[in-house]
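Participant: Take a look and give me a structure for this.
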Amino acid sequence: MTPSGAGHLAMLAFSVLVAGSFSLGALVANEIEPEAFNALRFWIATAVVGSAMLATHGRPVGAGVAPWRYLILGGLFAIYFVLMFEGLKTAPPVSSAAVFTLTPAMSALFGWLLLRQRMTPRIAFALMIGAAGALWVIFRADLGALLRFEIGVGEAIFFWGCMAHAAYTPMVRKLNRGEAPVVFTFGTLVAGALILTIWAAPTLVKVDWLALPPIVWITILYTAVFASSMTFVLLQFATLRLPSSKVMAYTYLTPAWVILWEVALGGQWPPVWVAAGVVLTAAALVLLLRDESVSPR
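Facilitator: Got it, this is the predicted structure:
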């Protein structure tokens, strides 16, 4: 398999795993404060990735070089995850996933600012289609609400988290100094866990951890192992093989996967007009993946 092919496969898995965190996160968003939830899941994810790193590399070779890099990356992801769960307190999972699909366009902008990665006309057109589909879902297929720009509070909060996520993708390429993805992920997770622990310190001591519903612990473990540990590695693996806009293009699959997650968890299919927006985002993914003329660097 070619390096770009491996990158695409990694991002396909990434999109499936990320979608689960929206559906499960919506079930627990009002059960525990986002910063406390994420502080614990980051430490669990750190332990998982650290174990994988020791098993494959023996020690974190190069992880101690310029540790400020990890503070930047860990801080960006801490902001993303906390604002995601804060937004899910009021925003429906499918709508939040639609907000997440705005990250490719933002990532392409950051890719140009940080790495001078340029977009072809096809990529720009695909990003516009994807953004249009995302906005259609975010505004619940209500043209009047779209024209009045009546965006929900939860969606607005999560948008700023997605901005941090979009900046993270090109920052990985800019700050990586040859470390293996699992080593670089370990450093990022440690930094993120430290930042979140300091951020959530007052809340962490107040939470009655033993009284939390089982679904909270299920979500903590899922997000720590699958939506953090595995997706961090997959994202950094793909970022080193694909342009930022292509890496984030796979977020266009997230609303579709979230719909399937919602149905699997006992929810209902969305209205057909809302689903039309999801189809548009999927079309944007096809356009982005057909254009292979942009080099990663």
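
Participant: ok, now which residue in the protein is the farthest from the centroid?
Facilitator: Going by C-alpha atoms, centre = their mean, the residue of the chain most distant from its centre is G144, 29.5 Å out.

Participant: Can you tell me the element that residue falls in?
Facilitator: G144 belongs to helix 143-148 when elements are defined using DSSP states H and E.

Participant: Next: W160.
Facilitator: helix 153-175.

Participant: buried sites along that helix?
Facilitator: Buried residues in helix 153-175, counted by 16 or more other C-beta atoms under 10 Å: 154-155, 157-159, 161-173, 175. Every residue, glycine included, has its C-beta placed from N, CA and C.

Participant: Then stretch 183-202?
Facilitator: Residues 183-197, 199-200 are the ones in stretch 183-202 that count as buried (16+ other C-beta under 10 Å).

Participant: Please apply the same query to stretch 8-25.
Facilitator: For stretch 8-25, by 16+ other C-beta under 10 Å, it's 8, 10-11, 14-25.

Participant: Pick out the lowest-pLDDT one from these.
Facilitator: Within the buried residues of stretch 8-25, H8 has the lowest pLDDT, namely 81.

Participant: secondary structure element for that residue?
Facilitator: Per DSSP H and E: helix 3-28 holds H8.

Participant: Poorly predicted segments of this protein, please.
Facilitator: Residue ranges of the chain with pLDDT under 70: 57-64, 119, 140, 145-150, 244-245, 248, 289-297.

Participant: How many neighbouring residues does Y222 have?
Facilitator: Y222 has 17 neighbours, counted by other C-beta atoms under 10 Å.

Participant: Distance-wise, check it relative to L196.
Facilitator: Per C-beta to C-beta, to the nearest Å, Y222 is found 18 Å from L196.

Participant: do the same with A39
Facilitator: In terms of C-beta to C-beta, A39 sits 4 Å off from L196.

Participant: A13 now?
Facilitator: Here A13 is placed at a distance of 25 Å from L196 (C-beta to C-beta).

Participant: swap in P104?
Facilitator: For P104, the distance to L196 equals 26 Å [C-beta to C-beta].

Participant: And I129, by the same measure?
Facilitator: Between I129 and L196 the distance is 35 Å, computed by C-beta to C-beta.

Participant: how about L260, what does it touch?
Facilitator: Contacts for L260 were tallied using C-beta atoms under 8 Å, 6 or more residues apart in numbering; they are A19.
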